[in-house]
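[1] No letters, just coordinates:
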């Protein structure tokens, strides 16, 4: 252990925190801990009109955060804004790595194959940001990044197998099995968005009836409530009305809750998770329609089964920055950060 820990001590990853003497003959044992503030990382989430960024330590704990609106969506303009944010966050602490989470199809933690909301395709974002900042950079789907955070430091850190379901503008699904995240070439397309939930439900843009996109997405819920009321309301207003007992809003949100329950049941039946984490901007829905969710779960689960713990996260977008930072933290710890 002394031989293995020596380079980690020299590199600043570990530090001595005292000695332990159990009364036996010989030298006392040196106590070591990770020096979490010895290295710093920046995690960023790219949204349609905004970049949210945060600086973290080695455990993904946020030290400082910034955000900036996106005007020009061209890759060159966005990279300039990313570089400026990285410079601001690293003004008083050197940055060891940057991680960027983006809703889209990503390859090799480097290329943005497709990010429809920005109008991007075939953008070597990691390379461009690395050249602009001089800092090693990794890019991945934002849900992959968020799931990796939950795996390393969050609610799933003690689980060998858990699932993440995200609610908001889209419905997302992440899975850790055998202690590793499950991904593939199609990850980032948003496949779970078309999982069937209600055979009599509304149509989505692709013509699927009652899929997660048409039942659970925040814009769909807002639209259905607006249609029922005969006046426009946004997602949060729809939830406010449902919470206050408005019949139309309550019906729409409870239908969504039962759909979410059926999605949870499918995840449980197919992957046998030890825990399910529900997060994202639309997570408030899950707390308002908890009874409907339980009803949906019971509909598709054998009565002999037990439902794993369901943990509700926050709707804070900064949590997604922590996930992006973990991409860089993992690579740093594994010694695989790309060169610049």
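    Sure thing, it's come through. Remember, predicted model here, so these are calculated numbers, not experimental data. Numbers count the residues shown, from 1 in each chain.

[2] how about residue 159, secondary structure?
    At residue 159 the chain is in coil, as set by DSSP: H, G, I helix; E, B strand; the rest coil.

[3] no wait, residue 206
    coil.

[4] so residue 221 touches residue 252, yeah?
    Yes: contact status for residue 221 versus residue 252: in contact at 6.0 Å, counting by Cβ atoms under 8 Å. The way it works is simple: take the backbone N, C-alpha and C, and place the C-beta from them, glycine included.

[5] residues shared between the contacts of the two?
    residue 238 (Cβ atoms under 8 Å, 6 or more residues apart in numbering).

[6] Leaving out the residues flanking it, which one is nearest to the residue nearest to the spatial centre of the chain?
    Taking Cα atoms, centre = their mean as the criterion, residue 146 is the residue nearest the geometric centre of the chain, at 2.4 Å. Take residue 146 and drop its neighbours on the chain: the residue closest to it by Cβ to Cβ, 6 or more residues apart in numbering is residue 323, 3.8 Å away.

[7] any idea which element the one you found lies in?
    Following DSSP states H and E, one finds residue 323 within helix 318-334.

[8] what mean pLDDT does that helix have?
    The pLDDT scores in helix 318-334 average 94.

[9] Pull the contacting residues for residue 185.
    Residue 185 touches residue 107, counting by Cβ under 8 Å, 6+ apart.

[10] if I look at it, how far off is residue 42?
    To residue 42, residue 185 is 28 Å away according to Cβ to Cβ, to the nearest Å.

[11] Quick one: residues contacting residue 100.
    Listed by Cβ under 8 Å, 6+ apart, the contact set of residue 100 reads 43-46, 82, 125-126, 129, 137-140, 324, 327.

[12] Show the backbone phi and psi for the residue nearest to residue 313 when sequence neighbours are not counted.
    Distances taken as Cβ to Cβ, 6+ apart put residue 279 closest to residue 313, at 3.3 Å, once the chain neighbours are dropped. Main-chain dihedrals, residue 279, degrees, to the nearest 10: phi -150, psi -170.
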